[in-house]
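*Asks:* show me the folded form of this:
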Amino acid sequence: MQSTEKSEGSRVARAVLSLLRSALGVALLGLLAACGEQGSGAAQQPAAPPAVTVAKPVVRDIVEDDEFVGRFEAVDEVDLRARVGGYLEEVHFTDGAVVAQGDLLFTIDQRPYRAAVGEAEANLKIARSQVEYTKKQLERARELSTRGNISVSALDERQQEYVAALAQVQGAKAALDSARLDLEYTEIRAPISGRIDRNLISVGNLVVPDDTTLTTIVAIDPINFYFDIDERSFLAYARDARARGVALQEGAGALPVTVRLADERDGSFGGTLDFAENKVDEDTGTMRVRAVLDNPELVLQPGLFGIINIPGSLPYRGVMVPDSAISADQDKRLVYVVDEAGKVSRREIRPGPLLYGYRIVREGLTGEETIVVEGLMRVRPGVTVTPEFKELPQVAAAK
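*Replies:* Now for the predicted structure:
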């Protein structure tokens, strides 16, 4: 009886297992069929071309600008020294003040020089009295010589004494002028207008003539800006200057420039070129150029660094594109051009500097092309895209 029950249970288990296998097979077949239908549908419906933003390059009259780093230098700079020696008696300025030409800055003890002037005046009086005496002696000798009462040699002696007295007067006058000049030099005045440095010597110290530096003065309105250009830039600037009938060494006809400081908070400062060296440095291959800028508020100081912006070309019709439209392939710069059918091709360009918010394209584009300006990651040469046209403004909005 037990054997029969076990046999019956085994048959039931086998039947259940067979039903499960059949159901699993049907489910797998359905799943495969569904996948096949989806794959067939995908093959029948190709993906749409990617959408990208395209635009025409900006074409307008431009003048290229170049930038160079340089340094401000004073138009004039004077190390102030005394012409006469003595003990410093008084200082008449505040450290760091702006002084005008002729302002009194230092006074050296004048007493010895006043005494020297007094002595020279006395010597001049003695010399003049000697002239009066010898003149009268000469007149008497001439009267006596007409009557034969004096020898010719005696007359000559009186003449020689008179001439010597006149010479002594001239020497005394020169000595007096020298003494007065030394007295004047005890008052040291500003030889130029500008900003003065601190006092380098205290009152009571001995000033050695032509040796002791008392202070320095720099003239900073206007102020010079010096920068170096390479040979290629020199050739371009010199060629443009010749086209205008002037020479680069003479300032290229006062070519206007702008200079900005490192923090740019004070804006840019306008000026003009006024000089370039007459040769290229053999060691560096550069030429030093100078611009001059007005500095009425004395913001610009000697020694400051600045960035000068200088016109790098004559006016011409230029092609410009956004930087976002330019991609790189090693050392090449490329843009993607879209034709009327939406097909993409790449175009190698030679970019220039930024101007009006765009990158100047010196070679590679005519301005008639339609280029990709947004969505470069979705394009490659040969693909077809869906172009969405956009008009670029003449001046790009600041970001």
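*Asks:* now for A243, how many residues are close by?
*Replies:* 9 (other CB atoms under 10 Å). The C-beta positions use only the backbone N, C-alpha and C, and glycine is treated the same way.
*Asks:* again with A325
*Replies:* The local packing of A325 (other CB under 10 Å) involves 23 other residues.
*Asks:* how about the strands of the stretch 151-300 of the chain, start to end?
*Replies:* According to DSSP state E, counting those that start in this stretch, the stretch 151-300 of the chain carries its strands in the segments 187-189, 194-196, 206-207, 213-230, 256-261, 268-276, 286-293.
*Asks:* switch the ones you listed over to CSV; also include distance to P387.
*Replies:* Shown next, in CSV, are the strands of the stretch 151-300 of the chain (distance: least, CB to CB, whole Å):
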stretch, distance to P387
strand 187-189, 76
strand 194-196, 61
strand 206-207, 82
strand 213-230, 41
strand 256-261, 39
strand 268-276, 39
strand 286-293, 46
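*Asks:* quick one: those as TSV, columns for mean pLDDT, distance to V163 and mean neighbour count too.
*Replies:* Output for the strands of the stretch 151-300 of the chain, formatted as TSV (pLDDT from 0 to 100; distance: least, CB to CB, whole Å; neighbours: other CB atoms under 10 Å):
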stretch	mean pLDDT	distance to V163	mean neighbour count
strand 187-189	96	38	17
strand 194-196	94	51	21
strand 206-207	95	42	17
strand 213-230	95	45	19
strand 256-261	92	66	19
strand 268-276	92	55	18
strand 286-293	95	57	21
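*Asks:* between those, which gets nearest to K136?
*Replies:* Among these, the nearest to K136 by CB to CB is strand 187-189 (42.2 Å).
*Asks:* wait, I308 touches A291, no?
*Replies:* Yes - I308 lies in contact with A291 (CB atoms under 8 Å); the separation is 6.4 Å.
*Asks:* now do the shared contacts for those two.
*Replies:* 225, 227, 257, 259 (CB atoms under 8 Å, 6 or more residues apart in numbering).
*Asks:* so where is this protein shaky, pLDDT-wise?
*Replies:* Scanning the chain for pLDDT under 70 picks out 1-47, 398-399.
*Asks:* mind listing the helices for it?
*Replies:* Taking DSSP state H, the helices of the chain run over residues 2-44, 111-147, 152-185, 231-243.
*Asks:* can you put the shared contacts of I308 and A291 in TSV and add distance to D65?
*Replies:* Shown next, in TSV, are the shared contacts of I308 and A291 (distance: CB to CB, whole Å):
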residue	distance to D65
F225	16
F227	14
V257	9
V259	12
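*Asks:* quick check, nearest of those to Y336?
*Replies:* The shortest approach to Y336 among the shared contacts of I308 and A291 belongs to V257, at 36.6 Å (CB to CB).
*Asks:* quick one: residues contacting the closest one.
*Replies:* 270-273, 291, 308-311.
*Asks:* can you give me the neighbour number for V379?
*Replies:* Count around V379 with other CB under 10 Å applied: 19.
*Asks:* any idea what the nearest residue to D228 once chain neighbours are set aside is bridged to?
*Replies:* Of all residues beyond its chain neighbours, the one nearest D228 is T286 (4.1 Å), with distances taken as CB to CB, 6 or more residues apart in numbering. With DSSP bridges applied, T286 shows beta-bridge pairing to D230.
*Asks:* who's in contact with T286?
*Replies:* Contacts of T286 (CB under 8 Å, 6+ apart): 228-231, 280.
*Asks:* which one of those residues is nearest E374?
*Replies:* Relative to E374, the closest of the contacts of T286 is D230; by CB to CB it sits at 35.7 Å.
*Asks:* gap between that closest one and Y237?
*Replies:* In this view, D230 and Y237 are 11 Å apart by CB to CB, to the nearest Å.
*Asks:* likewise P315?
*Replies:* Remark: distance between P315 and Y237 (CB to CB) = 15 Å.
*Asks:* next one: D221
*Replies:* For D221, the distance to Y237 - CB to CB - is 27 Å.
*Asks:* on that earlier part again, neighbour-wise, which of P315 and Y237 wins?
*Replies:* Y237 (23 against 10).
*Asks:* need the nearest residue in space to that one, chain neighbours excluded.
*Replies:* Once flanking residues are discounted, Y237 sits nearest to L248: 5.3 Å by CB to CB, 6+ apart.
*Asks:* shouldn't the one you found be in contact with L235?
*Replies:* No - counting by CB under 8 Å, L248 stays clear of L235, with 9.8 Å between them.
*Asks:* and the two? which has more neighbours close in?
*Replies:* Using other CB under 10 Å as the criterion, L248 and L235 rank with L248 on top: 25 against 13.
*Asks:* quick revisit: any chance of the contacts of T286 in CSV, plus distance to V208?
*Replies:* Formatted as CSV, the contacts of T286 follow (distance: CB to CB, whole Å):
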residue, distance to V208
D228, 39
I229, 44
D230, 46
E231, 48
V280, 43
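*Asks:* just the residues you listed now: which is nearest V63?
*Replies:* Nearest to V63 among the contacts of T286, with distances taken as CB to CB, is I229, at 16.9 Å.
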